[in-house]
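Colleague: requesting a structural model of the entry that follows:
(2 chains)
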Amino acid sequence: MIFLAVGLVSSAAIAYELLLMRLLSIVQWHHFAWMIISLALLGYGASGSFIALARSWLMPRFETAFGGAALLFSLSMVGCLILGQRVPFNALAVIWEPAQLLYLALLYLLFMVPFFFAACCIGLAFTGRGHAAERIYFFDLVGAGLGAALAIAALFRLPPQWAAVLFAALPVAASLAVAPARLWRSAGHGARMLALAQLAWLLGLAWLASGDRIALRVSEFKALSQALEVVDARVVAVRSGPLGLLTVVDSPRVPFRHAPGLSFTTRHLPPEQLAVFSDAEGLSVINRLTAGPENLGFLGDVTAALPYQLLDRPETLVLGAGAGYDVLLALHNGAARVDAVELNPQMLGLLRGEFAAYSGNLFEHERVDWHVAEARGFVSRSAKRYDLVQVAMLDSAAVAGAGAQALSENYVYTVEAIGRYLERLEPGGLLAITRWINLPPRDSLKLAATVIEALRRAGVQAPGERLMVVRSWNTVTLVVRNGAFTPQEIAAGRAFARQRSFDTAWYPGMPAAEANRYNRLDQPWLYQGIGALLGEGRDAYIDRYKFDIAPATDQRPYFFNFFKWRVLPEILALRERGGAGLVEWGYPVLVGTLAQALLAGAALILLPLWLWRRRAAAAERAPRGIALYFFLLGLAFLFVEIAFIQKFTLFLSHPLYAVAVVLAGFLVFAGLGSLCSTRLAARLGGGANRAVTAAVVALSLIVVAYLWLLPLLFARFLGQPDLVRVVISAGLIAPLAFCMGMPFPLGLRRLDAEAPGFIPWAWGLNGFASVISAALATLLAIEFGFDVVLLLAVFLYGVSAFQFTRTPAENGKASRL
Amino acid sequence: MIRIREAKLAGARMPRKKGGFARRGLLIAMGLVAAVLAAAADDGERFAAERAALVNEIEAYGRRDPSEGQDGFDDRVLRALREVERHRFVPASELPQAYANHPLPIGYGQTISQPYIVALMTDLVDPQPDDVVLEVGTGSGYQAAVLAKLVRQVYTIEIIEPLADEARGRLAALGYDNVTTRLGDGYFGWEDQAPFDAIVVTAAASHVPPPLIAQLKPGGRMVIPVGGRFAVQYLLLVEKTAAGETVTRQISAVRFVPLTGDH
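Modeller: Numbering: from 1, shown residues only, chains lettered A, B, ... in the order given. Reported below is the predicted structural model:
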């Protein structure tokens, strides 16, 4: 039963982690959600210290201890969700009030509690049943794999706060499985108390499940909260799913009038609109079209209308159709046909379902074909060519401005992605991308740099001949032509801009005097920047620029990270005089996470370990270097997992399914590897040394081979149906993960024979390393790219194998950490 | 749409010239409640000192690109900031921070702007004693109070009902009788009172409402802060020329050049 219980706890832990990520992204912001959860996972490390120090008390009452920890895990899953939402953390005010950091710390300390209890269960199992380490690890990993799949499935069906109750039932089942009521007679007082607690909590869960008991308290500073404060505003629909929480808001008294970059000279006002918020932020709108299309005149007077001035009835592809704003833009401006691609089926569900009439049956429009797909994947799989490929602007200006997405990998704005879009263009066709303008310019220049690099890679000698850029005060539209712009097109573009008081920021042969006419910046930053990015000195320019505007690539897909360390002191010095808007949060949050993880790790794991070693009997001491072995395994395992999730995300072309398939695949196959590890060790002989060496050599060869092989395979099979790509992915992950599953249980087996007292430490160190690993992998990927992360993982595996094998198995002499 | 929030609620009215009657009344009041007010008076002195220090700080920062003939902020703007009691516009929980040069939360997801930004915005619209000014987004009423010190009449609109009510009461209690408040949609401005010499919008939307531009007098100015609620990125200054042409300037709040030198 213990194996089943371990599986249940593991599946609940990972499901809870994914759920927390969703929930905290809704009530807070993504990057802080990420930080809180990363640090909360330190609970895994802390559990190791706890079990080690309390081992002599825990082991005699193993069942009760396990059952109690599982029950406390369940309780704290729900309790911390409720308490966590009461911590008044305001991420936006961090720059002004350092005290906010205390709230942040309180949050992750709180969320550490459930992970601590979950890890106690598993650590107890390893400690108490170390002779079956490979089977425990198998159930741990497979449980986690199934938990990941369960979480995503549940989030499709249930709002996150309900899913929490469902997931909380799993550890209760584990608790019952290990410490069942039959212990009532035989066991002592503790077991009876546990049985009563189990019963009480089951009733509690039933009560929680009987209604909407856990409220979501969204930060009052998120766009949704603010919209709902407006007089008469109300929520008219909610869709909850793993891709985000969609909230539709109607504000009849003060209507939404979303029209980014609308000209001052327009005679047209936007029609009535419903707002659709994603995760309480990221506004998109459904335009009311019951009055017919004549009220869409404003769509001719936004910068994004530029490409339509240069094309006649274009065949158009809209990437990121959202609630249909960009589709209407295309239709209004004369597109002959539109292929509209949107990732989130629930977004299209709104247009197809209850808001069909409101939107003028846009979903059924005769000139529009809707596709539920990820943009990059759709473009890669389609053979069709278009006159216009239009990349929609779906993030909000506020989100784009705060660096909130800096840590999110984005495969829509990379050099390779732009290259794919350009391949889909007919001769003379256009790629159009509209973005918000930040000042001083960040994403607008990074976009220009990325596009120019894509053109260069495609062999274009003079990219500047193919670029036209127009800006309003808050939006910039960049148009790339398949071929050089003609004088007629340039004249049409200039006339479009002039009539609407937009400024041109680039076209072939543009004079500098034209760059800063209607919307005056301190300097014509965009014109100067694009000129510099097209010139010989572009690398020096990018280097000297105070924000990171180097082109984003698939290797380093961090389009929204603009942070440079050397500028931070200057910005902080300026905050009192209006410089607060210059801070980019993502990167500092990442480094802060890493630093805190290291400190907390030292306090929670290394310090108790050091104390323990001082008083441990010589016989209890662990083999030399074994601590380093488990630490490095933790680092390397996640490096590989994270880097491959990224690579397969691109191939499976769906962030959610990719994570589910790759994560589950890794965990399940690693679990199988664990299960086979002892058999392999027995066959190879030489203690576990040969088996560990064989596994590490094999996985290193596979990783290095994949660096070269995967791009070829992905290019070859990208056009295949989803199922085929999933099978291919699973097949590619299987051998790698199988090898990766072996070193950890083999190490535990050795400890069980030689120094069982060290098992909880090994478990804790491994958990601690995982926390550092997640932050470090992202940091390394931002700086050096994912391939470097993989090569480093191979190196770390190599060092760990060396550590393991340099002491013969029978030599148990004392060692230092 | 115009999302008006941020805070600006009406602040303190500066002492008027007191006639004999007022002076007597004041004396009586002081005599009766001196003991009760002792603590409050201490607070008042402390706030006054903090306010002076804050405005000195703002003055020292100066305006990063003063208009011609000026060195920094207009003296009148600084004087208004010295007079308006910001601590009367912040929630009780934020009182200790009332004179920090920070934005502060005022409830409903809104903030009272950073004083430096208020100074900058006020200075940019170049308020004159005879001006009629529209504010979109009353918030706490603080910005309206600052403007009220400088112009003839301020009209201000708020879309969050409790904030609008609070601000109305606060401005009235503090004696700002040249401020008129209203609950409603700022997108269409205040047609009955248009045109305006200046318009102050306290939070940016996806576009500048064309009706607001229409309600700006030729030669008038409109200023809009762009960016997050706790971190303004830049100020958008919309100017309508005498010929009726609209031109914008995007003014970074700070002197921050994105390029370093040639090294």
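Colleague: tell me the SS of B:P218?
Modeller: The three-state label given to B:P218 by DSSP: H, G, I helix; E, B strand; the rest coil is strand.
Colleague: could you report the pLDDT at it?
Modeller: The pLDDT attached to B:P218 in the predicted structure is 94.
Colleague: so it is in contact with B:T241, correct?
Modeller: Yes - shown here, B:P218 and B:T241 form a contact pair, counting by CB atoms under 8 Å, at 6.8 Å. For glycine as for every other residue, the C-beta is placed from the backbone atoms N, C-alpha and C.
Colleague: tell me the contacts of A:V6?
Modeller: By CB atoms under 8 Å, 6 or more residues apart in numbering or on different chains, the residues touching A:V6 are A:121-122, A:125, A:136, A:139-140, A:143, A:174.
Colleague: between which two of those is the distance greatest?
Modeller: Pairwise distances across the contacts of A:V6 peak at 13.0 Å for A:I136 and A:A174 (criterion: CB to CB).
Colleague: what about stretch A:333-350, distance to the chain center?
Modeller: Using CA atoms, centre = their mean, to the nearest Å, we find the averaged C-alpha position of stretch A:333-350 to lie 24 Å away from the chain's own average C-alpha position.
Colleague: check stretch A:164-175 too.
Modeller: With CA atoms, centre = their mean as the basis, the mean position of stretch A:164-175 lies at 25 Å from the chain mean.
Colleague: quick check: mean pLDDT of that stretch?
Modeller: Across stretch A:164-175, pLDDT averages out at 92.
Colleague: now swap in stretch A:686-705 and tell me
Modeller: This predicted structure assigns stretch A:686-705 an average pLDDT of 91.
Colleague: what comes up buried for that stretch?
Modeller: For stretch A:686-705, the buried set under the neighbour-count rule, 16 or more other CB atoms under 10 Å in any protein chain shown, comprises A:687-689, A:691-696, A:698-700, A:702-703.
Colleague: equivalent analysis for stretch A:504-517, please.
Modeller: By neighbour count, with 16+ other CB under 10 Å as the criterion, the buried positions of stretch A:504-517 are A:504-508, A:510, A:514-516.
Colleague: how far away is whichever residue of the stretch 151-263 of chain B sits closest to chain A from A:I642?
Modeller: Taking CB to the nearest CB as the measure, the point where the stretch 151-263 of chain B comes nearest chain A is B:A253, at 2.5 Å. According to CB to CB, to the nearest Å, B:A253 and A:I642 sit 38 Å apart.
Colleague: same question for A:A512.
Modeller: Computed with CB to CB, the distance linking A:A512 and A:I642 is 46 Å.
Colleague: repeat that for A:A105.
Modeller: Taken as CB to CB, the span from A:A105 to A:I642 is 25 Å.
Colleague: of these two, who's got more company?
Modeller: Neighbour comparison, A:A105 and A:I642: the larger count goes to A:I642, with 21 against 16 (by other CB atoms under 10 Å in any protein chain shown).
Colleague: the closest residue to the more buried one other than its chain neighbours: what secondary structure?
Modeller: Excluding the flanking residues, the one nearest A:I642 by CB to CB, 6 or more residues apart in numbering or on different chains is A:A777, at 4.5 Å. Judged by three-state DSSP, the three-state class of A:A777 is helix.
Colleague: over to B:Q233: give its phi and psi.
Modeller: In terms of degrees, to the nearest 10, the main-chain angles of B:Q233 are phi -90, psi -50.
Colleague: meant to ask about B:P225
Modeller: Geometry field for B:P225 lists phi and psi as phi -80, psi 140, criterion degrees, to the nearest 10.
Colleague: okay, and the beta partners of it?
Modeller: With beta bridges defined as DSSP bridges, B:P225 has these partners: B:L235.
Colleague: report how many residues lie close to the residue of the stretch 151-263 of chain B closest to chain A.
Modeller: Neighbour tally, B:A253, other CB under 10 Å: 28.
Colleague: you'd agree it is up against B:L235?
Modeller: Yes - in this structure, B:A253 is within contact of B:L235 by CB under 8 Å, at 6.4 Å.
Colleague: can you give me the strands in the chain?
Modeller: Here I'm looking at chain A. Ranges of strands in chain A, per DSSP state E, are A:234-241, A:244-250, A:273-278, A:281-287, A:315-319, A:337-342, A:368-372, A:386-391, A:425-436, A:467-471, A:475-481, A:503-506, A:519-520.
Colleague: look at chain B instead
Modeller: For chain B, applying DSSP E gives strands covering B:104-107, B:110-112, B:132-136, B:153-158, B:179-183, B:196-201, B:216-227, B:232-240, B:246-252.
Colleague: now render those strands as a markdown table, adding mean neighbour count.
Modeller: What follows is the strands of chain B, written out as a markdown table (neighbours: other CB atoms under 10 Å in any protein chain shown):
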| stretch | mean neighbour count |
| --- | --- |
| strand B:104-107 | 23 |
| strand B:110-112 | 28 |
| strand B:132-136 | 26 |
| strand B:153-158 | 27 |
| strand B:179-183 | 19 |
| strand B:196-201 | 26 |
| strand B:216-227 | 22 |
| strand B:232-240 | 23 |
| strand B:246-252 | 20 |
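Colleague: now, the most widely separated pair of the buried residues of stretch A:504-517?
Modeller: With CB to CB as the measure, no two of the buried residues of stretch A:504-517 lie farther apart than A:P508 and A:N516, at 18.7 Å.
Colleague: can you tell which of the strands of chain B is closest to A:R267?
Modeller: By CB to CB (comparing all of the strands of chain B), the closest turns out to be strand B:246-252, at 13.7 Å.
Colleague: neighbours around residue 137, how many?
Modeller: You didn't pick a chain, so chain A it is. 26.
Colleague: wait, chain B
Modeller: Here the number of neighbours of B:G137 (other CB under 10 Å) works out to 28.
Colleague: tell me, what's the model's pLDDT at A:L732?
Modeller: In this model, A:L732 is scored at 95, pLDDT.
Colleague: what pLDDT does the model give the closest residue to chain B within the stretch 601-750 of chain A?
Modeller: Closest approach of the stretch 601-750 of chain A to chain B (CB to the nearest CB) occurs at A:P655, with a separation of 26.0 Å. Listed pLDDT for A:P655 reads 70.
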